[in-house]
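[1] sequence and predicted structure below; questions after.
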Protein chains: 2
Amino acid sequence: MSGEVNIKRLAQELNISIATVSKALNDSYEISLKTKNRVWTLAKELNYTPNPAASNLRSNKTKTIAVIIPCVANNFFSLAIKGIEEIARQYGYHVLIYQTHEDTEMEMSFTNSLLNGRVDGILTSVSSNEYNNEYYKNLVNKIPMVFFDRVYEELDTFKVTTDDYQISFTATEHLIEQGCTKIAYLYGLEKLPAGRARFLGYCDALQAHGLLAAEDLVVHYSEDEASNLQNIKTLFQEQAPDALFSSIEEFIIPAYSACQELQLQIPKDVKILSFCNMSSAKLLNPSLTTITQPAFEIGNEAAKCLFKVLNKRGIGDDKDIVLQSTLIKRASTGG
Amino acid sequence: MSGEVNIKRLAQELNISIATVSKALNDSYEISLKTKNRVWTLAKELNYTPNPAASNLRSNKTKTIAVIIPCVANNFFSLAIKGIEEIARQYGYHVLIYQTHEDTEMEMSFTNSLLNGRVDGILTSVSSNEYNNEYYKNLVNKIPMVFFDRVYEELDTFKVTTDDYQISFTATEHLIEQGCTKIAYLYGLEKLPAGRARFLGYCDALQAHGLLAAEDLVVHYSEDEASNLQNIKTLFQEQAPDALFSSIEEFIIPAYSACQELQLQIPKDVKILSFCNMSSAKLLNPSLTTITQPAFEIGNEAAKCLFKVLNKRGIGDDKDIVLQSTLIKRASTGG
DNA sequence: TTTAATTACGTAAACGTTTTCGGATTACAG
DNA sequence: CTGTAATCCGAAAACGTTTACGTAATTAAA
C-alpha cells in the first residue's frame, strides 16, 4: 500500500505502459482481452478508482450535470430530481443541485458559475418571477441545456413539458359535468407558459360550455401564505363560487382551510380540484381531485434528452416532448 | 477572441509569466499590487474563469461538497439543504446532492463513489433502515465528514443534532398539563439515536408525572401510508387515547384523517402534537402544535463545521453541537 | 515469397493549473 | 563600496489522465 493507487502504479506492477492501462480500463479495442483482464483484476484488487479531475482535465468530460430549480421542497421537483438521478446514475454521472428560490438573479449567478467546464450540461426549470428570455438565448449555445416543465418557448433546445392546456380543459369540463357553473381559478405561474396554458385551458373550457371567465373569480398567488388564505376567504364571501380550480399545489392548504373556517362543505357546497403531486392528496378530508403531472417521468425524460445531446445523438428528434398529466377524480369533486 | 481564455492567454497579453498570473489571481503576497491590478482587469475584461479540473488536479481541492440525505421531499431536509447551500456559496463551493431513499446500500454506493477526490467533504444525515456503524467507522478517516440530525454517536466527527430528549420531555409535559392522561406515541426513526431519544423523553416525562408508557399506545411507522392511517384508527378504537405525540411529520396527515373519519374532535376529544417543519402546520384545521427543529440552522451549522475541518480549524472545539428545537403551541393541544 | 493489413502495445505530448525554487532588482545599513 | 534583506517575478515540474502517433509482431492477401 505504498502511496496512492493510480494508473502509473498499475502499469508498474503489471510491467506495461500507462497508455495500455488507460486504454484497458476504458475497454479500448486496441487492447487484447488478456491484457484487459490483467488490468481489471489488479484494478479491482487495489481498489483503483480514476482521478476525476485528471480525467476531466484531459477529456473535457466532468461526468457531472447540474439541476437548477426553484426549490427542492416541492413534491413535483423532488420527484423530478429522483427521475433525473436515476438516469444520471445509469450513465455514471453525478448531480449538482442549485435552488434559485424563484430568484432570477440567483439563477443567472448559478448558471454563470457553471460555464467554465464544471459540468457537462444543465437541466433546469426556470423561476417564476421573471421571464428573461434574452439571457437564455445567449446561454443555450454555451452549454448543453434541457428545460423541463417551466420552459422558455423560443429556445432551440430539448424541452420536456406536460399537456397543461389540454388537462386544464379536461379538468374544467369535469367540474362543469359535476354541475358547477361558477368556477373560480387560483392562478399561479402567471409569467410562465405553463401557467398561462393552464389558465387558457380553463377559460376555453368555460367558453365551450357557455360559461364566462371573470377576473373577479381569479385569485392570484402570493408568496405570503396568510394572504392566500385571506384572498380565498374573500373570494368566497364576495363571489360565492361553487368550485375552485387550483393551478398550483401551494393553494391547497389555504383552500381547505378557508372552506373549514367558512363552514363550507366539500364537495356539497364547493368542489375543489388542483394541480398536485402530493401523495397525501388522497389522505386529505375529503380526498382531493388532482391533476397529477408525471413528475418522475418528466425528470427521467429530461435527463435522457440531455444525455442524447451530450452523446451527440438525437439530432433530428422532435425537441418538444409533451407528457400527459392525469386527472384523478376523488371525493372533493364528487357528487 | 482567439481560442479559450486561460492563464497562458492572460500571460501572453500582459507579457508576464503564467506563474505570475496565477499568483496574482490568487492574491499572493509575492506579486505587486500594480501587477495584480493589471491581471485582474484583463481577467475581468476577457471574462476569465479558472478551469476547475486543472485547479483541482493540481491543488487537490474540488470546491465541491456532497450532501447525502434520505430524501429531498421532506421539509426538514429541504430547509437543511438551504442552510447548507448558503454557507457553501459563501465559500464559493458547489453542492452535490444524493438521495438514499432510506436505503443503506445506496448510501454506501454513493459515499464510495466520492472517495476518489470528487469532493472535499461530505455532509450526511443517515438513513433509517439500518444502523451500520462499522462502515462509517472506516469511512470517517478517509474523507472529512459531518453528520447532522441523524447521526451515529460513536464517531469522532462533528455532529449537529437537536435536543430531542429534552424537547420531547417538555412537549409531553405540555400534553399532561393540558389534562391528557393517555398519550399515544407515533414512533418513527426507531433505529436511530434521534428517534430513540424522542421516545425516551416521552417515556420519562410520563413517568415523572406518574403515568406509564405502554406498548399498546405506540404506533410504529410503516412505509405504507395507508397502513399508518389504519394503525392509528385501530389505536383509537382499541385504546381511545386522549392525545397523540407524533415523532415524525409523516404521521400528521393520517392522524388528522383518522380523527375526521372517526368523528373525533381535535382538541376536545384528542390532542395532537408532532415533530414538524412544515410551514403549513399553522394552516391545518385545527392548527397543529409542533416541535419545530431549526432545520435551516442545522444545515448552516453543519456546513460551517465541515468548512472548519476543511480549513484545519476548530481542532479543539466541542464536536457535539446541539441546537434547540422549539415547541410551538397551537390549537391542536388547546383547551 | 512479398506485401499489405491487422493487432497490440508504447512514447510522449497535452489538458490548465499550482507551487517550489531560484534569480534579478532594489533599498538600505554598515 | 560591500553585504544583507526585502521585493517581485519566472522557469519548470508536477497533478493523473487521455490520445495521437509510431512501431513491432502477427496475420491475411497477392
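    The structure has been received and is ready for your questions.
[2] residue A:297 against residue A:84, yeah?
    No: assessed by Cβ atoms under 8 Å, residue A:297 is found out of contact with residue A:84, at 11.0 Å. Backbone N, C-alpha and C define where each C-beta goes, glycine included.
[3] more crowded one of the two?
    Shown here are residue A:297 and residue A:84; by other Cβ atoms under 10 Å in any protein chain shown, residue A:84 has more neighbours (29 against 16).
[4] list the residues that contact that one.
    Residue A:84 sits next to A:65, A:67, A:95, A:123, A:299-300, A:302-303 when contact means Cβ atoms under 8 Å, 6 or more residues apart in numbering or on different chains.
[5] again with residue A:180
    Listed by Cβ under 8 Å, 6+ apart, the contact set of residue A:180 reads A:242-243, A:271.
[6] quick check: closest non-adjacent residue to residue A:72.
    Excluding the flanking residues, the one nearest residue A:72 by Cβ to Cβ, 6 or more residues apart in numbering or on different chains is residue B:72, at 4.2 Å.
[7] that older thread, okay, the contacts of residue A:84 in TSV with distance to DNA strand C and pLDDT next?
    Converted to TSV, those look like this (distance: Cβ to the nearest atom of the strand, whole Å; pLDDT from 0 to 100):
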residue	distance to DNA strand C	pLDDT
A:65	20	97
A:67	25	97
A:95	24	95
A:123	25	98
A:299	32	98
A:300	33	97
A:302	29	98
A:303	27	98
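[8] out of those, which is nearest to chain B?
    Using Cβ to the nearest Cβ, residue A:95 comes nearest to chain B of the contacts of residue A:84, at 6.5 Å.
[9] show me what that closest one bridges to in the sheet.
    Beta bridges link residue A:95 to residue A:65, judged by DSSP bridges.
[10] buried residues in stretch A:19-34, which are they?
    Neighbour-count burial for stretch A:19-34 flags A:20-25, A:31 (criterion: 16 or more other Cβ atoms under 10 Å in any protein chain shown).
[11] now go through the contacts of residue A:84 and say which are in strands.
    A:65, A:67, A:95, A:123 (DSSP state E).
[12] farthest pair in these?
    The distance between the two most remote of the ones in strands among the contacts of residue A:84 (Cβ to Cβ) is 8.7 Å, for A:95 and A:123.
[13] what about the strands in chain A?
    Under DSSP E, chain A gives strands at A:64-69, A:94-99, A:121-124, A:145-148, A:158-162, A:183-187, A:218-220, A:243-246, A:271-275, A:289-292, A:320-323, A:326-328.
[14] in chain A, which segments are predicted with low confidence?
    A:1-3, A:335 (pLDDT under 70).
[15] is it possible to get CSV of the ones in strands among the contacts of residue A:84 that adds distance to residue A:234 and neighbour count?
    Converted to CSV, those look like this (distance: Cβ to Cβ, whole Å; neighbours: other Cβ atoms under 10 Å in any protein chain shown):
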residue, distance to residue A:234, neighbour count
A:65, 44, 25
A:67, 38, 27
A:95, 43, 21
A:123, 39, 29
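[16] ok, now how distant is the residue of chain A most remote from its centre from DNA strand D?
    Distance from the C-alpha centroid of chain A peaks at residue A:15, with 49.9 Å (Cα atoms, centre = their mean). In this view, residue A:15 and DNA strand D are 16 Å apart by Cβ to the nearest atom of the strand, to the nearest Å.
[17] and what of residue A:301?
    In terms of Cβ to the nearest atom of the strand, residue A:301 sits 28 Å off from DNA strand D.
[18] show me chain A divided up by domain.
    A:7-50, A:59-162+A:295-323, A:164-293+A:327-333 (automatic domain parsing).
[19] relative to residue B:107, which of these is closest?
    Of the domains of chain A, nearest to residue B:107 by Cβ to Cβ is domain A:59-162+A:295-323, at 13.5 Å.
[20] how far out from the middle of the chain is the closest one?
    8 Å (Cα atoms, centre = their mean, to the nearest Å).
[21] and for stretch A:33-43?
    42 Å.
[22] pull the CA atoms of it into PDB?
    Once non-C-alpha atoms are left out, stretch A:33-43 reads as follows in PDB (Å, rounded to 0.1, in the frame of the first residue of the first chain):
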ATOM      1  CA  LEU A  33      -8.700  -9.300 -23.800                       C
ATOM      2  CA  LYS A  34      -5.900 -11.000 -22.000                       C
ATOM      3  CA  THR A  35      -4.300  -7.700 -21.000                       C
ATOM      4  CA  LYS A  36      -7.600  -6.100 -20.200                       C
ATOM      5  CA  ASN A  37      -8.300  -8.900 -17.700                       C
ATOM      6  CA  ARG A  38      -5.000  -8.500 -16.100                       C
ATOM      7  CA  VAL A  39      -5.600  -4.800 -15.700                       C
ATOM      8  CA  TRP A  40      -9.100  -5.200 -14.500                       C
ATOM      9  CA  THR A  41      -8.300  -7.700 -11.800                       C
ATOM     10  CA  LEU A  42      -5.400  -5.700 -10.400                       C
ATOM     11  CA  ALA A  43      -7.500  -2.600 -10.500                       C
END
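[23] so how far is DNA strand C from the residue lying closest to residue A:291 once chain neighbours are set aside?
    Using Cβ to Cβ, 6+ apart and skipping the chain neighbours, the partner closest in space to residue A:291 is residue A:275 (4.7 Å). Separation of residue A:275 from DNA strand C (Cβ to the nearest atom of the strand): 45 Å.
[24] now do residue A:39
    9 Å.
[25] quick check: the nearest residue to that residue once chain neighbours are set aside vs DNA strand D, distance?
    Spatially, and ignoring its direct neighbours in sequence, residue A:39 is nearest to residue A:24 (3.9 Å; Cβ to Cβ, 6+ apart). Counting by Cβ to the nearest atom of the strand, the separation of residue A:24 from DNA strand D is 9 Å.
[26] re the thing from before, and of the ones in strands among the contacts of residue A:84, the nearest to residue B:307?
    The closest of the ones in strands among the contacts of residue A:84, once distances to residue B:307 are taken by Cβ to Cβ, is residue A:95, at 21.9 Å.
[27] around chain B, pick out the residues from the stretch 51-200 of chain A.
    Residues of the stretch 51-200 of chain A lying near chain B by Cβ under 8 Å from any Cβ of the partner chain: A:51-54, A:56-57, A:62, A:64, A:71-73, A:75, A:78-79, A:81-82, A:85, A:94-99, A:101, A:113, A:115-118.
[28] which positions in the stretch 1-150 of chain A make contact with DNA strand D?
    A:4, A:6-8, A:18-19, A:22-23, A:25-26, A:30, A:48, A:50-51, A:54-55, A:57-59 (Cβ under 7 Å from any atom of the strand).
[29] stretch A:19-35 and DNA strand C, are they touching?
    Yes: using Cβ under 7 Å from any atom of the strand, stretch A:19-35 reaches DNA strand C at A:19-20, A:23, A:30-32, A:34-35.
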